[in-house]
Structure formats: structure tokens, C-alpha cells
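**Q** structure for this input, please:
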Amino acid sequence: MNRPLLRAEAIIVHRHDQSILVQCAADEAFYRFPGGTVEFGETAAEAIRRELIEEFDLQAEIGAIACVNESIVEYDGKQRHDCTILHWGAVNEERIQDAIAHSEAEGIQLTWRTMEQLRGKPVYPEGILAYLEERKVVASHLVVRKNYDNEA
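**A** Next up is the predicted model:
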């Protein structure tokens, strides 16, 4: 039986130019926020801090919950249910001049991207870009149900 996957990610906005810290492959086919799977016994904030240290050797301050995003999708005949808890976060911005390479996955990097750049590619979890563009202050619960097999 499939079970939902609990993820935790950080929304980190650069103080000066309002760009956002994202994780992507070299081809930048899509973007996602830094973080990962929550392990048993750790909070979402602890998971984000751990993932940033393990993957990018980067210390982060994790703040309040920004939103909870549930994605229930089907693709290639498979169903997936992700529940992502997104927190606001901050890092030492001077540590990331261009990009930081992922320590475990070749070709993956952490880099700053503007909202305009993010609009040009898919951003996961789905719905988060619209949330950021609305500049909501109150925590939200975003639910996306989608079947990719029925799209043309």
C-alpha cells in the first residue's frame, strides 16, 4: 500500500534582490526548494537543517511555517502523495555567490533564482510559485490533485 511521503523544505529569500534559493539540476529543467524527507522523530525544521548540512554543508535558520502543500498526482500509471511542510528560512547569503554543488548527487546545485526565472520552468511543489507571488503572510494549506496521464 502506498503511503504519503512527508517532506520539509525551506523558502529562503535573498534580502537584497528578493531572489529565492532553489535546488536544480545543471539543465534547470525544474526547480524545488532545499530540504528533503522528514525522518522518524525529527521535526520538519530539523529535517531542513539536517538536509542542508548533509547535502550542501550549509547552516540555516529555520523560521515559521509558510504553508503546507499536499500533492496527490498520477504519472506514468503511478500514484504519488507528497505532503510538504514549507518553512521560511535564512542562510549566510555570502556563502552562495553563484551556486553550491550537492555533495551526494552529481549535477545538482543550490542557487539563487528570480521570480521571473522561476516562472519559466516547473517549480515544485506545485502551487508554491503562485503562493509566493501572492505574498501571503498567513500559513496556508495548498492541495493539488492532478492526473498527468490525462493531459495532452
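**Q** for the protein, longest helix please?
**A** With secondary structure taken from DSSP state H, the chain has its longest helix at helix 44-56.
**Q** go ahead and confirm residue 10 touches residue 59.
**A** No - judged on Cβ atoms under 8 Å, residue 10 makes no contact with residue 59 at a distance of 12.0 Å. From N, CA and C alone the C-beta is placed, and that goes for glycine too.
**Q** so between these two, which is more surrounded?
**A** Counting neighbours by other Cβ atoms under 10 Å for residue 10 and for residue 59 shows that residue 10 has the greater number, 26 against 12.
**Q** which SS class is that one?
**A** The three-state label given to residue 10 by DSSP: H, G, I helix; E, B strand; the rest coil is strand.
**Q** excluding sequence neighbours, find me the nearest residue to it.
**A** residue 89 (3.4 Å; Cβ to Cβ, 6 or more residues apart in numbering).
**Q** partners of the helix or strand residue 67 falls within in the sheet?
**A** Secondary structure from DSSP states H and E places residue 67 in strand 60-75. Using DSSP bridges, the strands paired with strand 60-75 are strand 78-91 (antiparallel), strand 140-147 (parallel).
**Q** any chance of those strands in a markdown table, plus distance to residue 31 and mean neighbour count?
**A** Output for these, formatted as a markdown table (distance: least, Cβ to Cβ, whole Å; neighbours: other Cβ atoms under 10 Å):
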| stretch | distance to residue 31 | mean neighbour count |
| --- | --- | --- |
| strand 78-91 | 14 | 18 |
| strand 140-147 | 16 | 12 |
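**Q** could those go into CSV alongside distance to residue 127 and mean pLDDT?
**A** Formatted as CSV, these follow (distance: least, Cβ to Cβ, whole Å; pLDDT from 0 to 100):
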stretch, distance to residue 127, mean pLDDT
strand 78-91, 10, 93
strand 140-147, 4, 71
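**Q** common neighbours of residue 10 and residue 59, please.
**A** Residues touching both residue 10 and residue 59 (Cβ atoms under 8 Å, 6 or more residues apart in numbering) are residue 52.
**Q** can I assume residue 118 sits in a helix?
**A** Yes - per three-state DSSP, residue 118 lies within a helix segment.
**Q** contacts only, for it.
**A** 20, 22, 31, 129.
**Q** so which of these are in helices?
**A** Per DSSP H, the contacts of residue 118 map to helices at residue 129.
**Q** take the contacts of residue 118 and lay them out in CSV including distance to residue 3.
**A** Output for the contacts of residue 118, formatted as CSV (distance: Cβ to Cβ, whole Å):
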residue, distance to residue 3
20, 30
22, 27
31, 26
129, 27
